[in-house]
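>>> Need coordinates for the following:
(one chain, ligands or ions: 1)
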Amino acid sequence: MHQHGPDTPETHYEDVAVTGGAGFVGRHLVTALSRLSRKITVVDHAPLPPGLAELPGVSHVRADLRDYGETLLALRSADAVFHLAGNASGTESVADPRRDFHLNALATCNVGNACLELGVRRLVYLSSAIVYGTPLRSPIHEDHPTRPFLPYGASKLSGELTLRSLHATAGLPVVTGRSFVVYGPGEDPRRAGGEVSQFLRWHLNEQPIPVVGDIDRKRRDFIHVEDLCRALITLADRGADGETYNLGTGTAVSMRELAAEVGTATGRSALLDADPSSLADSFTLLADTTRLRGLGFAPRTTLAEGLTHLAGLLGRFPELPTARAVFRRETPARRSLEARTC
Ligand SMILES: NC(=O)c1ccc[n+]([C@@H]2O[C@H](COP(=O)([O-])OP(=O)(O)OC[C@H]3O[C@@H](n4cnc5c(N)ncnc54)[C@H](O)[C@@H]3O)[C@@H](O)[C@H]2O)c1
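Next comes the predicted model:
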């Protein structure tokens, strides 16, 4: 028996599929859905992480969503689909934009079309605030222009536009959430670029925290992964068809402030090692959450609570992050141009 507060999701879908359910956000969503006692199919080309298969109602279909036949088979029994699978790394999208486009745009088109063919009652698509590009205003409302500057942003926006077009032309019951910066347990330090776990990992190794950009102008809206998953379930329950919702907390934190919070959470002041040579992402990325709050949703985990909990889980000397923020790719054309101009 669950206690339902005003913003507690009350999902009414019997058979739910979570694409990308073996990933960082996906495994938290699968865990949250399993507490709501639903049948959950994880659709992912990666194996299930330890513990997930043992959760009540959870099964795994190994499928590659770039293949339409595999997508149709994997989703065939679902009432509702949460589409999280894809490339989540801006840096990887810069290195290999074609792969990024296939994983985010083509696979999303396959999922949307399969949902139409199969008569799925609700599709929730997890997009990203990356689609806004460099913000013109703050906080960012959902109607803010979308001008992504990374291939990752372009491919996520292509996914959004495709699903919206299927809504307009064929009535696809899709709701899109644009997540701001997610953090929480289970991020892969080799791939994840989120500052919260990166800062903690450097600091727990007793090392200065490297940060690219201006530590005061670079401000982010950090949402705990469990709040993000509650927001996604809220979208499935109460989001409007064809609508887009920002998924954030509505609070911006600068890199300097984040370092101070890391110091408070660990009881030892944190040192920043700032590299101002690239200011490409030194801006405020803050969600206007009015629309999401209108569905009765409010975040529950404060940054201080989330940091303290994560620091406890990571312990002393966790694996150091190796993910880097890369905004430019070395191409043969540019290399030879630079060689000629030297
Ligand atoms: N992590 C963040 O900070 C963040 C922020 C905004 C939006 N998002 C979005 O959330 C989603 C999940 O992000 P994440 O951090 O959990 O990423 P992740 O890389 O941890 O998980 C993605 C999962 O998708 C699976 N996958 C990828 N392509 C697939 C395919 N073609 N077929 C089947 N499975 C496939 C992978 O195996 C992986 O398990 C992504 O769509 C990302 O764009 C993430």
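>>> biggest helix in this protein, by residue count?
Scanning the chain for the helix with the most residues, using DSSP state H, yields helix 151-170.
>>> what's in contact with it?
Outside helix 151-170, the residues that touch it by Cβ atoms under 8 Å, 6 or more residues apart in numbering are 86-90, 92-94, 97, 100-101, 103-105, 108-109, 112-113, 116, 123, 125, 127-128, 130-133, 146, 148, 172-174, 176, 241-242, 244. The way it works is simple: take the backbone N, C-alpha and C, and place the C-beta from them, glycine included.
>>> Same check on stretch 71-83?
Everything outside stretch 71-83 that qualifies as a contact, by Cβ under 8 Å, 6+ apart, is 11, 13-20, 29, 41, 43, 61, 63, 65, 107-108, 110-111, 114-115, 117-118, 120-126, 232, 236.
>>> end to end, how far does it reach?
This stretch, stretch 71-83, spans 11 Å end to end (Cα to Cα, to the nearest Å).
>>> Give me the local confidence score for Ala280.
Per-residue pLDDT puts Ala280 at 85.
>>> if I read this right, it contacts Arg217, doesn't it?
No. Here Ala280 does not reach Arg217: they are 11.7 Å apart, not a contact under Cβ atoms under 8 Å.
>>> so what sits against both of these two?
Common neighbours of Ala280 and Arg217, using Cβ under 8 Å, 6+ apart, do not exist here.
>>> rewinding a little: what pLDDT, on average, does the helix or strand following the longest helix of the chain get?
Of the helices and strands lying after helix 151-170 in sequence (DSSP states H and E), the nearest is strand 174-179. The average pLDDT for strand 174-179 rounds to 98.
>>> Quick check: can you name the pairing partners of the following helix or strand past strand 174-179 and their directions?
Towards the C-terminus, the helix or strand next in line after strand 174-179, according to DSSP H and E, is strand 181-183. Strand pairing for strand 181-183, determined by DSSP bridges: strand 222-224 (parallel).
>>> if you look at the partner strand, does any of it touch the ligand?
No. Using Cβ under 6 Å from any ligand atom, strand 222-224 stays clear of the ligand, with a minimum separation of 8.7 Å.
>>> what do you get for stretch 14-24?
Yes. Stretch 14-24 comes into contact with the ligand (Cβ under 6 Å from any ligand atom), by way of 20, 22-24.
>>> how long is that stretch from one end to the other?
Start and end residues of stretch 14-24 are separated by 24 Å (Cα to Cα).
>>> near the ligand, which residues of the chain?
In this structure, the chain approaches the ligand at residues 20, 22-26, 44-46, 63-66, 84-86, 88, 103, 107, 126, 128, 156, 179, 181-182, 194, judged by Cβ under 6 Å from any ligand atom.
>>> C-alpha coordinates for the longest helix of the chain, PDB please?
The C-alpha trace of helix 151-170 is given here as PDB (Å, rounded to 0.1, in the frame of the first residue of the first chain):
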ATOM      1  CA  PRO A 151      25.800  17.300 -32.200                       C
ATOM      2  CA  TYR A 152      24.200  15.700 -29.100                       C
ATOM      3  CA  GLY A 153      21.800  18.700 -28.800                       C
ATOM      4  CA  ALA A 154      21.000  18.500 -32.500                       C
ATOM      5  CA  SER A 155      20.200  14.700 -32.300                       C
ATOM      6  CA  LYS A 156      18.100  15.100 -29.100                       C
ATOM      7  CA  LEU A 157      16.200  17.900 -30.800                       C
ATOM      8  CA  SER A 158      15.700  15.800 -33.900                       C
ATOM      9  CA  GLY A 159      14.200  13.100 -31.700                       C
ATOM     10  CA  GLU A 160      11.900  15.700 -30.100                       C
ATOM     11  CA  LEU A 161      10.800  17.100 -33.500                       C
ATOM     12  CA  THR A 162      10.100  13.700 -34.900                       C
ATOM     13  CA  LEU A 163       8.000  12.600 -32.000                       C
ATOM     14  CA  ARG A 164       6.100  15.900 -32.100                       C
ATOM     15  CA  SER A 165       5.400  15.500 -35.800                       C
ATOM     16  CA  LEU A 166       4.100  12.000 -35.200                       C
ATOM     17  CA  HIS A 167       1.800  13.600 -32.500                       C
ATOM     18  CA  ALA A 168       0.600  16.200 -35.000                       C
ATOM     19  CA  THR A 169       0.100  13.900 -37.900                       C
ATOM     20  CA  ALA A 170      -1.000  10.600 -36.300                       C
END
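>>> Okay, buried residues for it please.
When burial is assessed from 16 or more other Cβ atoms under 10 Å, helix 151-170 yields the following buried residues: 151-160, 162-164, 166-167.
>>> quick one: which of those is nearest to the ligand?
Of all those, Lys156 has the smallest distance to the ligand: 5.8 Å, by Cβ to the nearest ligand atom.
>>> residue ranges for the strands of the stretch 1-150 of the chain, please.
15-19, 39-43, 58-61, 80-83, 122-128 (DSSP state E, counting those that start in this stretch).
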